[in-house]
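*Asks:* With the sequence up front, the predicted model follows.
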Amino acid sequence: MSDNKLVVGVFAIVLCISHNAFADAEKGRAVFAQCAGCHMVGEGAQARFGPALNNMVGQPAAGVAGYDYSQAFKQLSKDGLVWSDAELDAFLKAPMQYASGTKMAYPGLSAEEDRKNVIAYLATFTATDQPAEQVVDRKETENTIEQSNQSRPLARDAILPEHGVLHLGRIALPEEIAAWDIDVRPDGMGLPEGSGSVETGGELYDAQCAVCHGVFGEGEGRWPILAGGHDTLEDERPEKTIGSYWPYLSTVYDYVHRAMPFGNARSLSHDDVYAITAYLLYLNDIVDEDFQLSRSNFLSVRLPNEDNFYFDDRENEENYVLSAEPCMTDCIEGQARVTRRARVLDVTPDGD
């Protein structure tokens with residue numbers, strides 16, 4: 001081997017060894033908490049809002065069988081993309097720029113160290129001795145799905161039930177009704193037993209919510225602002241947050257319980273929801289840092305803007321009370337004129 005070849009060979013080895021050499025998988029595990037709302041890793045990992053991430057390093061794009069990828073990722077798969085460390089780094093930095101149209105509405109990890117550590121953490125879930133027959137054959141998977149679809153009975157061949165005029169459905173079972181009956185009313189109806197402190201809620205919020213809603217509820221990117229906005233409701237661009245606009249605390253609890261965290265809804269325990277709700281109150285300067293929220297003191301908490309909401313009073317409106325026919329033509333003197341215009345959307349006609 002010539003000296004030049006020796007130098008090139010040694011340089012290539014150094015590059016191979018140094019790539020991600022300083023990454024810390026344990027730190028990556030902590031950063032991955034931002035991803036855990038949508039992705040699972042490890043034994044028994046399943047798809048959530050996003051696919052499970054076992055065996056990611058070296059896997060083809062859109063390579064998890066059975067997961068419904070976006071068209072953007074299906075195209076990347078057709079283009080032959082394989083997830084190397086470099087490709088994962090570029091994707092994690094700005095997912096929506098890397099794959100326009102991806103379902104992953106996450107702004108990305110701006111810190112290179114965080115990206116390297118997460119990739120190192122994911123690499124710990126790569127099975128180096130995976131048998132060849134376990135590698136995903138996408139064509140075979142598509143054929144299996146197509147055969148399954150062809151074997152399904154057609155609607156016109158289905159056996160109709162005896163009950164019901166339209167022969168549709170059946171009476172819901174009590175456990176099915178209970179699974180849907182989870183709403184919480186302003187009067188406390190529907191609140192479960194449980195409790196949670198501001199301190200615990202802060203830890204849960206940092207792990208489950210801050211990536212979208214900001215460390216202090218200020219919102220990240222296009223995600224909603226949850227705190228602040230006091231005295232802005234009369235501004236041209238009001239900030240409608242929990243503390244500035246929302247009328248009832250039950251709305252906060254109900255929404256967190258029903259829909260959060262994004263991509264993994266209904267995964268929080270009742271105590272977790274109480275704790276996160278307490279922390280959101282703290283972010284809005286409504287309670288102190290040692291506050292603990294529970295079913296017993298829930299109704300004692302009043303949101304600042306509650307009194308500015310009022311019940312629908314249309315039953316007291318004149319036309320309703322008198323059963324009078326509403327005016328439909330020539331209801332005002334003179335010509336109608338535009339007195340206000342839409343604040344954001346340019347939908348109000350100009351001119352005459």
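*Replies:* Sure thing, it's come through. All values derive from a computational prediction rather than experimental measurement. Residues are numbered from 1 along each chain as shown.
*Asks:* And the strands in the stretch 151-300 of the chain?
*Replies:* With DSSP state E, counting those that start in this stretch as the definition, the stretch 151-300 of the chain shows strands at residue ranges 195-197, 292-294.
*Asks:* Gly66 is in contact with Ala52, isn't it?
*Replies:* No: counting by C-beta atoms under 8 Å, Gly66 sits too far from Ala52 to count as a contact (9.9 Å). To be clear about C-beta, it is placed using only N, CA and C from the backbone, and glycine gets the same treatment.
*Asks:* More neighbours: those two, which one.
*Replies:* When Gly66 and Ala52 are compared for neighbours, Ala52 comes out ahead with 19 against 12, by other C-beta atoms under 10 Å.
*Asks:* quick one: that one from Glu239, how far?
*Replies:* 37 Å (C-beta to C-beta, to the nearest Å).
*Asks:* Check the residue nearest the centre of the chain and give its pLDDT.
*Replies:* By C-alpha atoms, centre = their mean, the chain has its centre lying nearest to Phe262, at 2.1 Å. At Phe262, the model reports a pLDDT of 89.
*Asks:* how near is it to Ile225?
*Replies:* Taking C-beta to C-beta as the criterion, Phe262 is separated from Ile225 by 15 Å.
*Asks:* ok, now Lys74?
*Replies:* Taking C-beta to C-beta as the measure, Lys74 and Ile225 are separated by 34 Å.
*Asks:* Can you get me a residue count around Ala179?
*Replies:* Ala179 is surrounded by 11 other residues when neighbours are defined as other C-beta under 10 Å.
*Asks:* my bad, should have said Ala178
*Replies:* Residues contacting Ala178 under the criterion other C-beta under 10 Å number 10.
*Asks:* ok, and Ala86, which helix or strand is that part of?
*Replies:* Applying DSSP states H and E as the criterion places Ala86 in helix 85-93.
*Asks:* ok, and what's touching stretch 208-223?
*Replies:* Outside stretch 208-223, the residues within contact range by C-beta atoms under 8 Å, 6 or more residues apart in numbering are 33-34, 36-37, 106-107, 205-206, 224-228, 241-242, 260-262, 268, 276, 280, 283-284.
*Asks:* residues of that stretch that come out buried?
*Replies:* Gln208, Cys209, Ala210, Val211, Cys212, His213, Gly214, Gly217, Glu218, Gly219, Trp223 (16 or more other C-beta atoms under 10 Å).
*Asks:* And stretch 260-274, by the same measure?
*Replies:* Those would be Met260, Pro261, Phe262, Gly263, Asn264, Leu268, His270, Asp271, Asp272, Val273, Tyr274, for stretch 260-274 by 16+ other C-beta under 10 Å.
*Asks:* circling back: show the buried residues in the contacts of stretch 208-223.
*Replies:* Here, 16+ other C-beta under 10 Å leaves 34, 36-37, 106-107, 205, 225-228, 241-242, 260-262, 268, 276, 280, 283-284 buried among those.
*Asks:* where's Pro326, which helix or strand?
*Replies:* For Pro326, no secondary-structure element claims it when assigned by DSSP H and E, so it is in no helix or strand.
*Asks:* burial of it, as a residue count?
*Replies:* So Pro326, with other C-beta under 10 Å, has 9 neighbours.
*Asks:* now Pro247
*Replies:* 16.
*Asks:* Which residue, neighbours along the chain excluded, lies closest to it?
*Replies:* With C-beta to C-beta, 6 or more residues apart in numbering as the criterion, Pro247 has its nearest non-adjacent residue at 4.3 Å, and that residue is Phe309.
*Asks:* in the stretch 1-150 of the chain, which ranges drop under the pLDDT threshold?
*Replies:* Low-confidence segments of the stretch 1-150 of the chain, defined by pLDDT under 70, are located at 1-22, 37, 48, 105, 127-150.
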